[in-house]
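Trainee: Predicted model follows, preceded by the sequence.
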Amino acid sequence: MPSWVVRKYQEGDEQGISNLLMVVAGHSHSDSIWNWRYRKNPFGSIAGVAESNGEIVGYMGLIAKPLKVMNKEIRGCEAVSLVVHPNFRRQGMFLAIGRYIMGEAEKQGLGICYGFPNVPAYGGHLKYGWFDAGRLPIFVKFVSVSSLRTDRVKDFLSKTWLKPLANFLDKRIFSFILRILLFLYNGYCRVAYRLSDKLDGVKVSSIKCFDERFDDLWKAASKGRKVMVVRNRQYLNWRYVEKPMALSSYVMFAAEKNDEVSGFIVLLCVKLDGMKYGFIVDLLTVPNDSATVKALISRALTYFKEQKVDLITCWMSGDTTCQRILRSFAFHLGKPEMFIARVNSVDMTIFRPILQNIQNWYLTLGESDFDITF
């Protein structure tokens, strides 16, 4: 018999969960983030723990979210954590917590769940009903020479003729060459992925919250898209306006055409590891509205330039128009993110073939909890 039991989260467990996260992940969640994520989540949440002698040694959380699958809106959820204390691994705890939480999700009517597991957790999730849904494309734009000195880029450069060149040339001369290469690559992308320069009267302005106009945008933007989080004003305000921020805050812009909202973009700047990162956290327009997409990304690049970021990242799947425009602005494909899904109720099994294909999911960084500690 194991020396631990799995149970539902109870008031007062927060400190134990925080301690566990610090041991396993090296960071924990603040009280304000916990309240926003669980207690103040208008869509609901589920958390479970494994306890041993009064100590929390395992934890998993689900954040309920409204999902649109084809033409049906359902209650879904995102799996945000499944962690096990190092001293209790290889005892079946991972599967026990996962199965328990999925059982609770089914009881609460959360029909479909999705998540972005790390490599160690990926195989564990597949053992209790999750399935691989593909790899989420991540687009990266190098802005400064500093960004070209990241480990991942260094690894790439080491496989090219630039490695001996870098070793031979003076650092200042090599930096100058990298600047020229960045300039040439930007020019190449503008030609290779050229789209119309016309913005068709698109006006982009800063916003502080999402009003009723964004409900209309959601209705128009969701048509023709197969799987996505419901981005109505209730969800958007909870996700981007009400979320407590530790290191920075979201900056939001809306696009308008003919006095109607045609799209929005959410941005975030964060200093990490000696560099300044710019994240396109969310982006939504009516399908195939290239003028609005281009106007919003152009405004994002202007903002990031003002903030002097070194590197810009955008997660984007399910929208080939947006992907093409990102490439025209010299974004290239970086290392993709693993993506999994799970069907929690019998009546949702008909959607599994659709859910298994990442191209059917409209996903951005905002669908994840990547920025939860910022």
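Mentor: Happy to help now that I have it. Predicted model only: the values in this text are computed from it and were never measured.

Trainee: Tell me the neighbouring strands of the longest strand anywhere in the chain, and mark each as parallel or antiparallel.
Mentor: Of all segments of type strand in the chain, defined using DSSP state E, the longest is strand 55-69. Strand 55-69 has the following sheet partners, assigned by DSSP bridges: strand 45-52 (antiparallel), strand 72-84 (antiparallel), strand 227-229 (antiparallel).

Trainee: what's the offset of the longest one from the middle of its chain?
Mentor: Average the C-alpha atoms of strand 72-84, do the same for its chain, and the two points are 13 Å apart (CA atoms, centre = their mean, to the nearest Å).

Trainee: returning to that earlier point: now the strands paired with strand 55-69 as a markdown table including mean neighbour count and distance to Arg327?
Mentor: The C-beta positions use only the backbone N, C-alpha and C, and glycine is treated the same way. Formatted as a markdown table, the strands paired with strand 55-69 follow (neighbours: other CB atoms under 10 Å; distance: least, CB to CB, whole Å):
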| stretch | mean neighbour count | distance to Arg327 |
| --- | --- | --- |
| strand 45-52 | 21 | 37 |
| strand 72-84 | 20 | 28 |
| strand 227-229 | 23 | 22 |
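
Trainee: need those in TSV with distance to Val5 and mean pLDDT, can you?
Mentor: Below are the strands paired with strand 55-69 laid out as TSV (distance: least, CB to CB, whole Å; pLDDT from 0 to 100):
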stretch	distance to Val5	mean pLDDT
strand 45-52	6	94
strand 72-84	14	93
strand 227-229	34	97
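
Trainee: now for those, which one comes closest to Arg342?
Mentor: When these are compared by CB to CB, strand 72-84 sits nearest Arg342, at 8.1 Å.

Trainee: in stretch 311-325, what's buried?
Mentor: 311-319, 321-323, 325 (16 or more other CB atoms under 10 Å).

Trainee: just stretch 283-292 next, same as before
Mentor: Leu283, Leu284, Thr285, Val286, Pro287, Asp289, Ser290, Ala291, Thr292.

Trainee: The third one: what's its closest spatial neighbour, skipping adjacent residues?
Mentor: Translated: Thr285. Distances taken as CB to CB, 6 or more residues apart in numbering place Gly263 nearest to Thr285, at 3.4 Å, with adjacent residues excluded.

Trainee: where in the stretch 201-350 of the chain is pLDDT low?
Mentor: Residue ranges of the stretch 201-350 of the chain with pLDDT under 70: 246-247.

Trainee: For the stretch 251-374 of the chain, which segments count as strands?
Mentor: 251-257, 260-272, 275-285, 311-315, 332-333, 337-343, 361-362 (DSSP state E, counting those that start in this stretch).

Trainee: Would you mind putting the buried residues of stretch 283-292 into CSV with distance to Ser368 alongside?
Mentor: CSV is the format used below for these (distance: CB to CB, whole Å):
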residue, distance to Ser368
Leu283, 14
Leu284, 16
Thr285, 20
Val286, 24
Pro287, 22
Asp289, 24
Ser290, 26
Ala291, 28
Thr292, 24
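
Trainee: Please parse this structure into its domains.
Mentor: As given by automatic domain parsing, the domain ranges for the chain are 5-133, 145-192, 203-335.

Trainee: Show the end-to-end separation of the last one, please.
Mentor: Across domain 203-335, the terminal residues are separated by 33 Å (CA to CA, to the nearest Å).

Trainee: That one: how far from the chain's middle?
Mentor: 12 Å.

Trainee: Begin at 49 from now on, thanks
Mentor: Let's use 49 as the start, then, which means that last one is domain 251-383.

Trainee: ok, now which ones touch Gly109?
Mentor: Under the criterion of CB atoms under 8 Å, 6 or more residues apart in numbering, the neighbours of Gly109 are Arg85, Tyr86, Ser93, Ile94, Ala95, Gly96, Ala127, Val128, Ser129.

Trainee: Who is the third one paired with across the strands?
Mentor: Same thing as Ser93. Note on Ser93: beta-bridge partners by DSSP bridges are Ile111.
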